[in-house]
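S.K.: structure for this input, please:
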Amino acid sequence: MPAEPFDVVFSATAFHWIDPAVRVSKSADALRLGGLLATVGTHHIAGGTWTEAFFAEIQKLYERFDPSTPPGLRLEGAEDIPEDDRELTSSERFGPASFYRYEWELPYSTADYLDLLLTYSGHRALPDAQQSALLNSIARLIDVDYGGQVVKRYLTELRLAERVR
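M.R.: Prediction:
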């Protein structure tokens, strides 16, 4: 616990990585009464210029090269992703959260998209032969069927909750 409580605890796209047994209580402990817990989360969502068709095609590659891929996985629309503050309110240390959402798109060249994929732990953990086969197949798909560029659609959500206890 800090010597003096903070006005804000902020986590950008990382709160879900913190142990669920402690993330809410430690955040509340660090805040003054009335202080805010601010978390940012980003979701890959359906929509976008080429995203839906590309995602359906790329899932076939994941199912082929990564056995942990759930079969038939599809993206949700932003409207299907719930605004969720149950974990915070059930702690009784935070009031109901406010949500601010922004949908946006980002184009990726083939090289940029492969670089992005290599930041994800699931891709990095694949055995070398499977990883190479997957990435080469994805590169071929983007270059041949999508002219060397894909566009992903994202939902970024800011969740704000006030410490009440």
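
S.K.: packing partners of the lowest-mean-pLDDT helix or strand in the chain?
M.R.: Across the helices and strands of the chain, mean pLDDT, DSSP states H and E gives its lowest value to helix 51-65, namely a mean of 90. Other elements packing on helix 51-65 under the criterion 3 or more Cβ pairs under 8 Å, 6 or more residues apart in numbering; DSSP states H and E are helix 128-145, strand 149-162. To be clear about C-beta, it is placed using only N, CA and C from the backbone, and glycine gets the same treatment.

S.K.: in its sheet, which strands sit next to the shortest one, and in what direction?
M.R.: What that stands for is strand 149-162. strand 31-45 (antiparallel), strand 98-109 (antiparallel) (DSSP bridges).

S.K.: hang on, the earlier thing: quick one: buried residues of the helix or strand following the least confident helix or strand of the chain?
M.R.: Proceeding N to C from helix 51-65, the next assigned helix or strand is helix 86-90, under DSSP states H and E. Applying a neighbour-count criterion of 16 or more other Cβ atoms under 10 Å, one finds 88, 89 buried in helix 86-90.

S.K.: touching helix 86-90 from outside, list them.
M.R.: Outside helix 86-90, the residues within contact range by Cβ atoms under 8 Å, 6 or more residues apart in numbering are 20, 24, 37, 94, 95, 96, 97, 161.

S.K.: centre of the chain to it, how far?
M.R.: Remark: helix 86-90 is offset 20 Å from the chain centroid, using Cα atoms, centre = their mean, to the nearest Å.

S.K.: likewise stretch 21-29?
M.R.: On the basis of Cα atoms, centre = their mean, the separation between the geometric centre of stretch 21-29 and that of its chain is 21 Å.

S.K.: that one: which residues count as buried?
M.R.: Using 16+ other Cβ under 10 Å as the burial criterion, the residues of stretch 21-29 that qualify are 23, 24, 27, 28.

S.K.: same deal with stretch 14-21?
M.R.: Of the residues in stretch 14-21, those buried under the neighbour-count criterion (16+ other Cβ under 10 Å) are residue 15.

S.K.: pLDDT of that stretch, averaged?
M.R.: Throughout stretch 14-21, pLDDT has a mean value of 96.

S.K.: return it as CSV; C-alpha atoms alone will do.
M.R.: Written as CSV, here are the backbone C-alpha positions of stretch 14-21 (Å, rounded to 0.1, in the frame of the first residue of the first chain):
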residue,chain,number,x,y,z
ALA,A,14,-3.0,-5.4,-19.2
PHE,A,15,-5.5,-5.6,-16.3
HIS,A,16,-6.7,-9.1,-17.5
TRP,A,17,-3.1,-10.4,-17.1
ILE,A,18,-3.1,-9.6,-13.4
ASP,A,19,-4.1,-12.4,-11.0
PRO,A,20,-7.9,-12.2,-10.6
ALA,A,21,-7.5,-13.0,-6.9
